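1. can you look at this prediction? I've put the sequence above it.
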Amino acid sequence: MITILGATGSIGCSTLDVVRRNSDRYQVFALTANSQVELLLQQCLEFKPQVAVMADPASADSLRRRLLENGSSIEVLEGVEGLQQAAGADEADLVMAAIVGAAGLLPTLAAVEAGKRILLANKESLVMAGALFMEAVSRHNACLLPIDSEHNAIYQCLPHNYTDPIARAGVRRILLTASGGPFRTTDLAELKSVTPERACAHPNWPMGRKISVDSATMMNKGLEAIEACWLFDLKPQEVEVVIHPQSIIHSLVDYVDGSVLAQMGNPDMRTPIAYGMAWPQRIDSGVEPLDLVKIGQLDFEAPDLERFPCLQLAFDAVAAGGTAMAILNAVNEVAVEAFLNRRLGFCQIAELNREVLEALDAQPVDNLQRVLDADQRARDLAQQLLKNQRFGWKGN
Ligand code: NDP
């Protein structure tokens, strides 16, 4: 049985599509959302989970009422506690962690502490609390499978029984591919005034709004580089980012003998999701077979750090260590939200991120409270800076 944290999101809906195609193999134990009552209601009526959770208590009340109106007696929980309960419940063996942002940390950790097989889409948990998270995975004997397409590709290209440290498996480095997002070739002067609509129109991947903006700034690749360091126990210099606009090669592993293994496929998240759900077997995901002749050409280029300063900021945060990564993650969430609400220009996302990262001291990550405190301090400072006239909407 599977629990899907963030069922109403882009990853959540793709996961349910894979469940639908493999209904003889998978049953849903719990579905969770924040406030999208009508979509969660429809999902509950179709997949008949035992439990539904709305993080927002008022939305939980609405869902209870709407379920009763539809003759359903599914139990509805609420709040972070409800999410943690659904993530750690005995009935579920698989947990898809697909809540967006820092809100995913505590529910995902609850799944880890219950020793589940966790399909990790919520990269922010690892970015914020990587050391504690990975230590908890090993202490509770949880099984962590990466769903981010790049990390899933790397996982598929590593030897199945690789040991720690990864160098023993003969890995020289990993190559993390990036599409470059919607603004890879946009005139730099034009970037200042791009709209949220343009930033969210990703050329290859339909995704939630937050990760779409992160892809446009390439902060997403920075967060992924941090995620890769924690997942595969790599040093930052062992992770190289390569722009590959077609998004067909999802990432590569470079071995010391000169072999470079790549995982390829159409850009569709149902592939890594199905891989995680069925591992070590394979199941139908509904993804079209790859037509290489039709694609014709695969291109590669180095990332331009002037265009994508957020990518460098992520590597700076890794170098600073400790809570610096939680600080960067938190200010970036505030900045992206402000941009989506037209309170901040696109290029100012990086400026706000840099100011907060530089202003706050990084502390060692020795307990979860330190991470949560760093997250809060970064959000508070970011909100304060947003009131400054230097920051504001410049576009249409
Ligand atoms: P979406 O924005 O599409 O969905 C987010 C989900 O999280 C929704 O179900 C939402 O509920 C829920 N949610 C939002 N805020 C809260 C909260 N405070 N408490 C509980 N639940 C909440 O995001 P995506 O599906 O795009 O991304 C999810 C995660 O997966 C992110 O960490 C992202 O980085 C990662 N990821 C996504 C990829 C993609 O292709 N989309 C690819 C690789 C990784 P509601 O609908 O009610 O708001």
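-> In hand now; what should we look at?
2. use CA for all of it now, contacts and neighbours both
-> Fine.
3. how far off centre is stretch 96-105?
-> 7 Å (C-alpha atoms, centre = their mean, to the nearest Å).
4. work out for me the element residue 100 sits within.
-> Following DSSP states H and E, there is no helix or strand that holds residue 100.
5. just checking, next helix/strand downstream of the one helix or strand in the chain whose mean pLDDT sits lowest?
-> Here the helix or strand of the chain ranked lowest by mean pLDDT, DSSP states H and E is helix 188-191, holding a mean of 93. Sequence order places helix 196-200 as the next helix or strand after helix 188-191, per DSSP H and E.
6. quick check: mean pLDDT of the helix or strand following that following helix?
-> Next helix or strand after helix 196-200 toward the C-terminus (DSSP H and E): helix 209-217. Helix 209-217 shows a mean pLDDT of 96.
7. and the angle for the helix or strand just after helix 209-217 with helix 209-217?
-> Proceeding N to C from helix 209-217, the next assigned helix or strand is helix 219-232, under DSSP H and E. Interaxial angle, helix 219-232 versus helix 209-217 (axes from the mean of the first three to the mean of the last three C-alpha atoms, to 10 degrees): 100 degrees.
8. re the thing from before, hmm, who's touching the least confident helix or strand of the chain?
-> With C-alpha atoms under 8 Å, 6 or more residues apart in numbering as the test, helix 188-191 has contacts from 183, 307, 346, 347.
9. now for the third one, how many residues are close by?
-> Read it as residue 346. A total of 28 residues lie near residue 346 under the criterion other C-alpha atoms under 10 Å.
10. what's near enough to touch it?
-> 191, 192, 193, 194, 195, 339.
11. make it 6 Å
-> Counting by C-alpha atoms under 6 Å, 6 or more residues apart in numbering, residue 346 touches residue 192.
12. what about it, which helix or strand?
-> Going by DSSP H and E, residue 346 is not in any helix or strand.
13. go on, the one 3 residues further on?
-> Counting by DSSP H and E, the element that carries residue 349 is helix 348-359.
14. ok so, going back, who wins on neighbours among the contacts of helix 188-191?
-> residue 346 (28 neighbours).
15. for residue 197, see how far away that residue is.
-> 11 Å (C-alpha to C-alpha, to the nearest Å).
16. packing partners of the helix holding residue 349?
-> Counting contacts by 3 or more C-alpha pairs under 6 Å, 6 or more residues apart in numbering; DSSP states H and E, helix 348-359 packs against helix 324-340.
17. elements contacting the helix it packs on?
-> Helix 324-340 packs on helix 123-139, helix 348-359, helix 368-386, going by 3+ C-alpha pairs under 6 Å, 6+ apart.
18. quick one, which of these gets closest to residue 247.
-> Of all the helices and strands packed on helix 324-340, it is helix 123-139 that lies closest to residue 247, at 19.1 Å by C-alpha to C-alpha.
19. can I get that closest one in CSV? Just the C-alpha atoms.
-> Once non-C-alpha atoms are left out, helix 123-139 reads as follows in CSV (Å, rounded to 0.1, in the frame of the first residue of the first chain):
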residue,chain,number,x,y,z
LYS,A,123,14.6,17.4,-2.4
GLU,A,124,14.2,20.3,0.1
SER,A,125,14.3,17.8,3.0
LEU,A,126,17.7,16.7,2.1
VAL,A,127,18.9,20.2,1.3
MET,A,128,17.8,21.4,4.7
ALA,A,129,18.8,18.6,6.9
GLY,A,130,20.9,16.2,4.8
ALA,A,131,23.2,14.9,7.5
LEU,A,132,20.4,14.2,10.0
PHE,A,133,18.2,12.8,7.3
MET,A,134,20.7,10.3,6.0
GLU,A,135,21.7,9.3,9.5
ALA,A,136,18.0,8.7,10.3
VAL,A,137,17.6,6.6,7.1
SER,A,138,20.4,4.3,8.1
ARG,A,139,19.4,4.2,11.8
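20. brilliant, that's me finished.
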